[in-house]
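In: The sequence isn't on hand, but the structure is:
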């Protein structure tokens, strides 16, 4: 359940990272009185740099987790082959901890260990908490999603500079970002059940504080 909740917050957090970091970058160079074109190019460069960085980081994280799971499964496979009785005892204890009677747990565990392939699948799920079929998901999908979410958020403060420049563009960038931040904060309340106004304004305050600094 905790993993599912975390997965549901990823869209909000990924877009928030992009929005706040690129808003801060855009406001930083805007404060140096650079031209609107320079600010636009800087914002787009920040968008791409951040999105690729997030994508690579997520890819490495998920791929490393997959490799760890694969190693743990290979180790479990070796233990099933070398020590089937001990593995059956471990599985029986797991079932007993879940409320199954001792004799029934031992009988079920022994029957599972009769087939090494089935035993490996069950032990991976029950002892290691790993789904052998997914291994935590695709690293490529995770990387693409991170790239897309960051880019969407990072685009918000940049859009006004496509159409105007100077103080008008800066004001529009801050306003658009504030609306985006409020929406992201409000989105988090779907999981936290906090006040939409409180969460939205908190997100706006932190984002604009970062940009102001």
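Out: Perfect, thanks for sending it. What you see is a predicted model; the values in this text were computed from it and never measured.

In: And the helices in the chain?
Out: All helices of the chain, identified by DSSP state H, fall at 2-30, 36-82, 84-97, 102-113, 116-126, 139-155, 160-163, 166-192, 196-212.

In: Could you list the buried residues of the fourth one?
Out: Think helix 102-113. Using 16 or more other C-beta atoms under 10 Å as the test for burial, helix 102-113 gives 105-106, 108-109, 112-113. Backbone N, C-alpha and C define where each C-beta goes, glycine included.

In: now, among those, which is nearest to residue 55?
Out: Proximity of the buried residues of helix 102-113 to residue 55 was ranked by C-beta to C-beta; the top entry is residue 112 with 40.1 Å.

In: Just name the shakiest helix or strand of the chain by mean pLDDT.
Out: helix 2-30 (a mean of 77; mean pLDDT, DSSP states H and E).

In: I'd like the helices of the chain laid out as a markdown table, including distance to residue 132.
Out: As requested, the helices of the chain are exported to a markdown table (distance: least, C-beta to C-beta, whole Å):
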| stretch | distance to residue 132 |
| --- | --- |
| helix 2-30 | 17 |
| helix 36-82 | 6 |
| helix 84-97 | 16 |
| helix 102-113 | 15 |
| helix 116-126 | 5 |
| helix 139-155 | 16 |
| helix 160-163 | 48 |
| helix 166-192 | 29 |
| helix 196-212 | 38 |
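
In: out of the ones you listed, deepest packed?
Out: Highest mean neighbour count of those: helix 139-155, a mean of 20 (counted as mean count of other C-beta atoms under 10 Å).

In: Check what contacts that helix and list those residues.
Out: By C-beta atoms under 8 Å, 6 or more residues apart in numbering, the residues outside helix 139-155 that reach it are 10-11, 14-22, 43, 46-48, 50-52, 54-63, 66, 180, 184.

In: angle of that helix against helix 36-82?
Out: 160 degrees (axes from the mean of the first three to the mean of the last three C-alpha atoms, to 10 degrees).

In: Please compute how far helix 139-155 lies from its chain's middle.
Out: In terms of C-alpha atoms, centre = their mean, to the nearest Å, the centre of helix 139-155 is found 10 Å from the chain centre.

In: got the angle between that helix and helix 166-192?
Out: Using the same axes, to 10 degrees, helix 139-155 lies at 130 degrees relative to helix 166-192.

In: which residues touch residue 120?
Out: Residue 120 neighbours (C-beta under 8 Å, 6+ apart): 73, 76-77, 80, 132.
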